[in-house]
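J.: sequence and computational prediction follow.
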Amino acid sequence: YSMPANAEHVKLMRVTIREDFSIAMTDMLVKDIEDALTYLDNHFTFDKKQMDKMVHVALGRRLSRIDTSILQAKRELQRDPTKKDVRPC
């Protein structure tokens with residue numbers, strides 16, 4: 001999905017659901033999205049130094065406290081798999 005000029009670095013997937021979309025199809029879609037997120041989480045991970053560089057290139061700034069709190073929450077989740085994964089918007 002194309003983003004405006006000031007957000008070209010953002011990648012977005014948009015899903016349009018028809019009125020006759022069944023519960024079974026919804027379950028399959030949710031499972032596919034969960035599988036895709038798991039794949040991306042396990043194949044596209046970055047350390048803090050790499051993340052700082054990417055953020056600086058993409059946004060022209062350093063990581064904020066909100067950004068780093070997301071990274072910290074992810075590390076805590078990896079240490080304690082009983083915690084529920086929360087994805088930022």
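T.: Ah, there it is.

J.: list the contacts of Lys31.
T.: With contacts defined as C-beta atoms under 8 Å, 6 or more residues apart in numbering, Lys31 has no neighbours. For every residue, glycine as well, the C-beta is placed using N, CA and C.

J.: I'd say Arg61 and Val55 touch.
T.: Yes - counting by C-beta atoms under 8 Å, Val55 is a contact partner of Arg61 at 6.9 Å.

J.: and the two? which has more neighbours close in?
T.: The neighbour count for Arg61 versus Val55, taken as other C-beta atoms under 10 Å, is higher for Val55 (17 against 9).

J.: what about that one, helix or strand, and which?
T.: helix 48-59 (DSSP states H and E).

J.: OK, contacts around Thr82?
T.: By C-beta under 8 Å, 6+ apart, Thr82 has no neighbours at all.

J.: what does the pLDDT read for it?
T.: Confidence at Thr82, expressed as pLDDT, is 70.

J.: how much space between it and Gln72?
T.: As judged by C-beta to C-beta, to the nearest Å, Thr82 and Gln72 stand 17 Å apart.
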